[in-house]
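Trainee: I would like to see how this sequence folds:
(one chain, ligands or ions: 2)
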Amino acid sequence: MVLGILTAIAACPAIIGTTEAVRQGQAQNKREQHRGQKTHLVASCTKNSPQSGQINGGMVVLKDHKLYIAMPTDDDVPEEDELEFECAPPHPFTGYFMPHPAHNWKWQGEGLVSTIAPGPPILNWIYIDKDTNEVKYGDKNESAGHVMGPWNCTKIDRRMTFEGWEGFLAVKEKKGTWALYFDREDDGLKGKVQGRRMLEVELCRRERKKGKEDADNKNYNG
Ligand SMILES: *[C@@H]1O[C@H](CO)[C@@H](O)[C@H](O)[C@H]1NC(C)=O
Ligand SMILES: *[C@@H]1O[C@H](CO)[C@@H](O)[C@H](O)[C@H]1NC(C)=O
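Mentor: Ligands and ions are numbered 1, 2, ... in the order given. Below you'll find the predicted structure:
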């Protein structure tokens, strides 16, 4: 009898240990679910500057095979920008992490995809142009030979990283638009971009607004 009780007590930590491991495993899965969820990207400057008002809170958008930072249409937007985007409104980055078929970065991260237009979901890869360091989007052919990843995000704030760090730059183009670059060599785009204003930016993943159709899809309304 006595032995029986002792054995049970001795066995308890093992049982707790097991359930704790299972629970942690479940939490781990739950934590990683966000990686496959569609989010937008919102930019902000890492340092304050007279121009940071044109960047902070701006959405990352896709247009003509490049990624830009576009302010929501308010008074801060320079007029050229509004004209620039008037005909074909830019599409906000709407995407998630996805393993790339041609690369295996293991724990370092994955590829990144985004829809390229509203409507039927056509996905493109987001990549860094190996010659210009511009952040671009394209299909398999267009992106081949460029730097596809690894993309990942920071653990707590879920800011985007590329090759393990946050080297994103906003570069002001002649038209007044802010194009997105990655400073892969950490040299301020030496020999690639000259005489342009550039600002260090961080990119935060932001969940899409939940529309009524999301609720309807989940049968909230019967
Ligand atoms: C991405 O970053 C997280 C947090 O830093 C890390 O735990 C994880 O191993 C990285 N890679 C992948 C593929 O999630
Ligand atoms: C990609 O390139 C290959 C060979 O150059 C071509 O056969 C194929 O049609 C292209 N695919 C797309 C989607 O453009």
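Trainee: going forward, measure contacts between C-alpha atoms and count neighbours the same way
Mentor: OK.
Trainee: List the residues that contact Lys136.
Mentor: Remark: with contacts taken as Cα atoms under 8 Å, 6 or more residues apart in numbering, Lys136 is in contact with 65-67, 126-129.
Trainee: And stretch 96-114, what's buried?
Mentor: 96-100, 109-114 (16 or more other Cα atoms under 10 Å).
Trainee: Most widely separated two among the residues you listed?
Mentor: The most widely separated members of the buried residues of stretch 96-114, counting by Cα to Cα, are Gly109 and Ser114 (16.2 Å).
Trainee: Select the longest strand from this structure.
Mentor: strand 198-207 (DSSP state E).
Trainee: For that strand, give the mean pLDDT please.
Mentor: Per-residue confidence for strand 198-207 averages out to 95 on the pLDDT scale.
Trainee: Name the next helix or strand downstream of it, please.
Mentor: Following strand 198-207 in sequence order, the next helix or strand is helix 212-217 (DSSP states H and E).
Trainee: Just give me how far that following helix sits from the chain centre.
Mentor: What separates the centre of helix 212-217 from the centre of its chain is 24 Å, taken as Cα atoms, centre = their mean, to the nearest Å.
Trainee: repeat for stretch 198-206
Mentor: Using Cα atoms, centre = their mean, the offset of stretch 198-206 from its chain centre is 10 Å.
Trainee: Likewise for stretch 49-63?
Mentor: Mean-position distance between stretch 49-63 and its chain equals 15 Å (Cα atoms, centre = their mean).
Trainee: Trp178: how many residues sit nearby?
Mentor: Under the neighbour criterion other Cα atoms under 10 Å, Trp178 is assigned a count of 24.
Trainee: just the residues of the chain that are near ligand 1, which are they?
Mentor: By the criterion of Cα under 6 Å from any ligand atom, the positions of the chain lying close to ligand 1 are 107-110, 152-155.
Trainee: Any chance of a markdown table for these, columns pLDDT and secondary structure?
Mentor: Rendered in a markdown table, the data for those read as follows (pLDDT from 0 to 100; DSSP: H, G, I helix; E, B strand; the rest coil):
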| residue | pLDDT | secondary structure |
| --- | --- | --- |
| Trp107 | 94 | helix |
| Gln108 | 96 | helix |
| Gly109 | 96 | coil |
| Glu110 | 96 | strand |
| Asn152 | 97 | strand |
| Cys153 | 95 | strand |
| Thr154 | 95 | coil |
| Lys155 | 90 | coil |
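Trainee: Widest-spaced pair of the residues you listed?
Mentor: Taking Cα to Cα as the measure, these reach their widest spread between Glu110 and Lys155, a distance of 14.8 Å.
Trainee: For the chain, which segments are assigned as helices?
Mentor: 2-33, 79-84, 140-143, 212-217 (DSSP state H).
Trainee: Which of those helices comes out lowest on mean pLDDT?
Mentor: When these are ranked by mean pLDDT, helix 79-84 comes last with a mean of 48.
Trainee: Tell me how many other residues crowd Thr154.
Mentor: One way to gauge burial is a neighbour count; for Thr154, by other Cα under 10 Å, it gives 13.
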